[in-house]
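# Need coordinates for the below:
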Amino acid sequence: MARLKGKFLIGAIGNLTFKKHRKEQIVQTKPGKGGVKQTKETKKAALVFGKASRFSNCLRQSFGFLIEDRYDGGMVNRLNKENFAIFKQCYQPETESYEFKPDSFRRLNGFDFNTKSPLKDSLWVEPSVQLVGQELQIRIPDFEIPSDFKFPPHSNICSVELSIYLLSIETCYQQQIRLEALQISNAQKMVPSREWKIEIPDGCICVTGLALHYYRNQGNLTVPVNHKEFNPAVIVNATVSNGKFNLPWDVSWHYAAIRFRPKNQDDLSNQETTSE
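Got it, this is the predicted structure:
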């Protein structure tokens, strides 16, 4: 059985063995009975699955403050399944690399981290996310309480939390951007629309997550209301920005231990960039 240790899968799933080598996830196949080795297609599928699982883990880690440990029991497998389908579709066997289009990750749009508390059952207006050039525009339209926004029992305030996960396809570095939360009280009758705008680098996978964190104010105490069975959190949008990543590195970016093309191609690309 494979287990998640830090950022890597370690162990075995069926005929697949997951290992860590330096900062890379390694997936190997065991030979079948009688020394019969797995086919190239099986090995390719194992590598793609390992890549998708790693990406899923990056998402979960980045959105940790949104979902905490309050997700349903099948969430990890559901997310792996969606990302495996995406990565399998985008894999180019001739070059052993991945080609992502702006809408390659649209399957993730609307992914609930807890199916026992779908976010759409609490927020009855639909947030919109649009990438215009390099500007990511997020908007929640105005809504009324309680017809368009539901407060669970024993809660009287809500913090609408937003986070953006960025992964550079070129450099394999990732960044988390936490946006200013929208604070709502159940004493409000109408909540005006709210917009967030942020510049996004070229050549990045960009995933926007949203969660509703409910609380109960009692004098000077603020008590969380969300629990394992109730934690509305969703992937609002997943897109890919056009172009090639060209930002200088800074401490806000961290290595994701995931590559989208063989290392020799990365080295060649870096040489070409340097020569330019």
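
# which non-adjacent residue is nearest Asp103?
Spatial nearest neighbour of Asp103, excluding adjacent residues (CB to CB, 6 or more residues apart in numbering): Thr239 at 7.0 Å. C-beta here means a position set from N, CA and C on the backbone, and glycine is covered the same way.

# The one you found in helix, strand or coil?
The local conformation at Thr239, judged by DSSP: H, G, I helix; E, B strand; the rest coil, is strand.

# which residues sit in contact with it?
Counting by CB atoms under 8 Å, 6 or more residues apart in numbering, Thr239 touches Pro102, Asp103, Phe105, Arg106, Val129, Leu131, Ile205, Cys206.

# In strands, which of the residues you listed appear?
Val129, Leu131, Ile205, Cys206 (DSSP state E).

# Same list (those residues) but as TSV, adding neighbour count, distance to Ser147 and pLDDT.
As requested, the ones in strands among the contacts of Thr239 are exported to TSV (neighbours: other CB atoms under 10 Å; distance: CB to CB, whole Å; pLDDT from 0 to 100):
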residue	neighbour count	distance to Ser147	pLDDT
Val129	21	24	98
Leu131	17	31	97
Ile205	21	36	98
Cys206	22	32	98
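
# from those residues, which two are the most distant?
Val129 and Ile205 (13.7 Å; CB to CB).

# Could you list the low-pLDDT ranges of this structure?
Along the chain, segments meeting pLDDT under 70 span 1-4, 6-8, 14-15, 21-25, 27-38, 264-276.

# Please enumerate the helices of it.
For the chain, helices defined by DSSP state H occupy the ranges 40-62, 64-67, 75-90, 263-275.

# contacting residues for the residue nearest in space to the middle of the chain?
By CA atoms, centre = their mean, the chain has its centre lying nearest to Leu59, at 3.2 Å. If you count contacts by CB under 8 Å, 6+ apart, Leu59 has them with Leu79, Tyr165, Val207, Ile235.

# One more pass at 10 Å, please.
Contact analysis of Leu59 by CB atoms under 10 Å, 6 or more residues apart in numbering lists 67, 79, 83, 108, 111, 113, 165, 167, 174, 205, 207, 209, 235, 238.

# One more: Val234?
66-67, 108-114, 118-120, 123, 127, 208-212.

# count of neighbours near Arg106?
Neighbour count of Arg106, defined by other CB atoms under 10 Å: 14.

# That one touches Ala238, doesn't it?
Yes: at 6.6 Å, Arg106 counts as touching Ala238 under the criterion of CB atoms under 10 Å.

# Quick check: neighbours shared by the two?
Counting by CB under 10 Å, 6+ apart, the common neighbours of Arg106 and Ala238 are Ile86.

# Spatially, which two of the contacts of Thr239 are the most separated?
Farthest apart among those by CB to CB are Val129 and Ile205. That separation is 13.7 Å.

# thinking again about what came up before, just send the contacts of Thr239 back as a markdown table, with distance to Ile13 too.
Below are these laid out as a markdown table (distance: CB to CB, whole Å):
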| residue | distance to Ile13 |
| --- | --- |
| Pro102 | 32 |
| Asp103 | 30 |
| Phe105 | 24 |
| Arg106 | 27 |
| Val129 | 34 |
| Leu131 | 35 |
| Ile205 | 25 |
| Cys206 | 30 |
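
# Just to check, Gly74 is in contact with Thr115?
Yes: using CB under 10 Å, Gly74 makes contact with Thr115 at a distance of 7.5 Å.
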